[in-house]
Every structure is written in C-alpha cells, then in structure tokens.
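K.L.:
sharing a model prediction with you, sequence too.
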Amino acid sequence: MTTRILGMVEFDRRRLETDLATLANAKFSTAYSDFACGKWESCMLRNRSGMQDEDTVVIHDAPAVATPLCRSVPYFNELLETHFDTNAMRYARIIRISENACIIPHRDYLELDAKFARMHLVLDTNERCMNTEKDRIYHMGLGEIWFLNASVPHSAGCFSSTPRVHLMVDFQGTRLPEEVVRKTEQPLGSNSMVDTREEWSNEALECVLGLSEIISEANYREIVSILAKLHFFYKVDCQAMYGWLKELCRRRGDPALIEKTDRLERFYLIDRAAGEVMAY
Ligand code: YCP
Ligand code: CO
C-alpha cells in the first residue's frame, strides 16, 4: 500500500481559523513523546472511550467517540463527519509539530495486533514542513487528504516558526483508503515535490561520525535529535541515522551506548511491546 494523496478539501477559512485558534490554547497530551525530537505533540478528538486522557491507541472494533476537545472544535468535527467514514473510524487526533522539531524516523503499528489505515488532513502548514519516507521527501499541502503507509520507515518535521497542524485519522486496517474518504475534490497539478536537499557526502558522514569523540550518556538524546533531522536537509534515507549512531557508539567503544542504540533501533524500527515506552 503506497503513500498517496487521495483528494482535497475546500475549507471554510473563517471556521478553520477559529478552530485553529482554539487548538492553539488547548492542552495537548504527552503520549508518544518518546518519538519526539523537539516539540511534537498530539491530542485526541475521537478515540475508543471518548475520554480525553485515553491518549494512546490499540486495535479495537467500534466507531471512534468524540472527546471533549472534539466538541470544542466544531469545524474539525464537521470535517471528520463530512469527509470520512465515521463507522470505520477508530481514532482521530491532532498532530502538532512546532519549530525545528520532528518525529524520530520510525515504523508504526509494531506494538499493535494489527494495522490501521491512516489518513492525514492538513489543517495548517507551509513550505518548510516536510514528510519523509525511506529516501524520499514530500510535502502534504493545505487541505489535502493523504493516505500514509506508516508501516515503512518515515518521519515528519517542521522548520518554520509556525507549527504544522494535521488531523490524523485511523481507520479499521482492512478498509481501502479510497473507500473511507468522501466528498473531496481532485488534487490539482502534480504533488511530486522537487527534492532540493543537499547531496549526502563522505565529508558529511565523517563529520557525523566525528561525534564519536564526544558522545556520552549526557548528550546522547541531543545527538539523536541532530541525526534525526539531517535527512530533511540531505538526500539520505530516514533510517540511516540508526546506522550512524551504531557506528559512532562503536568508535566510542562504550558498551552501554552500543546497547542503548541497539534498543533504540529495535524500538523505533523493528519491534515494540504493547504499551512500551522508550527512555534514553
Ligand atoms: C501511533 N505511533 O501509531 C503513534 C503515532 C508515533 C508513534 C505517533 O498512534
Ligand atoms: Co508514524
């Protein structure tokens, strides 16, 4: 199943602005903050229970229920009702990425018993917001609905002063993306973003590996953050950071850091237990 644009929504700009302003003052959850490099946050609009504090996901079999926050953003709720099959909907969340933050390259659903069919509707963005998938980079434009194949390594980042705000909607995994989306316009033009990233080079690689001289428990998380963002600016696979991290820990020769990095790669790319949280 490939990541692709499914359609476009024509927004009521005034109602969009109203709900974005409400969101700007809303309380977001700290769920999945172990995936954040910088300020990456989510909050629930619809979930299994309708309770705001149910902020992580499981596979379940009932239509998602609106949370109190959902009722405070009536336009977003209407967008959910109008453009998606609410019967097949399992979760609806807001994902907000603030300036110079990203989500660590990862694969989703590793901790779950099955997958979701995951869609994004772009509520607020600009040209400095990017998504990546393996070695590709692309931009999800305002009003666009995308299917995201979250099973393959991917990431998303915001490098502008205004945060990127997406509605992320999970459907029963057996449903086809085209089937759960409705009343959308055909996307105009091509959505292939020109890849303006710099070529990845041996010099850049040696510079990264030079961090082996200084890497320690104390700066490990900051170094992970630096490495996680590099692929937004250089033509390199989003997963490459785990290989760099392993090599610089090996050069450092610190068994605890080597072990930590193996755990990191396992958690974000290979396997996670249900409810497991990564501390590093
Ligand atoms: C999920 N996985 O699958 C989350 C979203 C990143 C980690 C954020 O719901
Ligand atoms: Co993801």
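P.N.:
Here it is on my side, so go on. Ligands and ions are numbered 1, 2, ... in the order given.

K.L.:
end to end on stretch 84-100, go ahead and measure it.
P.N.:
31 Å (CA to CA, to the nearest Å).

K.L.:
in it, what's buried?
P.N.:
Residues of stretch 84-100 classed as buried by neighbour count (16 or more other CB atoms under 10 Å): 84, 86, 88-98, 100. Using the backbone N, CA and C atoms, a C-beta is placed for each residue, glycine as well.

K.L.:
can you tell me how far the nearest residue to residue 38 once chain neighbours are set aside sits from residue 218?
P.N.:
In space, and not counting its chain neighbours, residue 38 is closest to residue 101: 2.8 Å by CB to CB, 6 or more residues apart in numbering. Taking CB to CB, to the nearest Å as the measure, residue 101 falls 21 Å from residue 218.

K.L.:
the more surrounded of the two?
P.N.:
Using other CB atoms under 10 Å, the more surrounded residue of residue 101 and residue 218 is residue 101, with 22 against 8.

K.L.:
quick one: that one and residue 36 touch, right?
P.N.:
Yes - the pair residue 101 / residue 36 is scored as a contact, 6.7 Å apart, by CB atoms under 8 Å.

K.L.:
strands of the chain, start to end?
P.N.:
Applying DSSP state E to the chain gives strands spanning 4-8, 36-37, 40-47, 65-66, 89-97, 101-106, 116-124, 129-133, 136-138, 144-148, 154-158, 164-172, 198-199, 234-235.

K.L.:
need the ones you listed in CSV (columns: distance to ligand 1).
P.N.:
Below are those laid out as CSV (distance: least, CB to the nearest ligand atom, whole Å):
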stretch, distance to ligand 1
strand 4-8, 19
strand 36-37, 9
strand 40-47, 7
strand 65-66, 17
strand 89-97, 7
strand 101-106, 6
strand 116-124, 7
strand 129-133, 13
strand 136-138, 18
strand 144-148, 11
strand 154-158, 10
strand 164-172, 7
strand 198-199, 27
strand 234-235, 23
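
K.L.:
could I get these as JSON lines with distance to residue 73 and mean pLDDT?
P.N.:
Shown next, in JSON lines, are the strands of the chain (distance: least, CB to CB, whole Å; pLDDT from 0 to 100):
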{"stretch": "strand 4-8", "distance to residue 73": "20", "mean pLDDT": "96"}
{"stretch": "strand 36-37", "distance to residue 73": "22", "mean pLDDT": "98"}
{"stretch": "strand 40-47", "distance to residue 73": "7", "mean pLDDT": "98"}
{"stretch": "strand 65-66", "distance to residue 73": "10", "mean pLDDT": "98"}
{"stretch": "strand 89-97", "distance to residue 73": "8", "mean pLDDT": "99"}
{"stretch": "strand 101-106", "distance to residue 73": "22", "mean pLDDT": "99"}
{"stretch": "strand 116-124", "distance to residue 73": "10", "mean pLDDT": "98"}
{"stretch": "strand 129-133", "distance to residue 73": "20", "mean pLDDT": "98"}
{"stretch": "strand 136-138", "distance to residue 73": "27", "mean pLDDT": "97"}
{"stretch": "strand 144-148", "distance to residue 73": "18", "mean pLDDT": "98"}
{"stretch": "strand 154-158", "distance to residue 73": "20", "mean pLDDT": "98"}
{"stretch": "strand 164-172", "distance to residue 73": "10", "mean pLDDT": "99"}
{"stretch": "strand 198-199", "distance to residue 73": "39", "mean pLDDT": "98"}
{"stretch": "strand 234-235", "distance to residue 73": "37", "mean pLDDT": "98"}
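
K.L.:
with distance to residue 30 added, can I get those strands in TSV?
P.N.:
Formatted as TSV, the strands of the chain follow (distance: least, CB to CB, whole Å):
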stretch	distance to residue 30
strand 4-8	30
strand 36-37	9
strand 40-47	8
strand 65-66	21
strand 89-97	13
strand 101-106	14
strand 116-124	21
strand 129-133	22
strand 136-138	28
strand 144-148	23
strand 154-158	18
strand 164-172	17
strand 198-199	34
strand 234-235	30
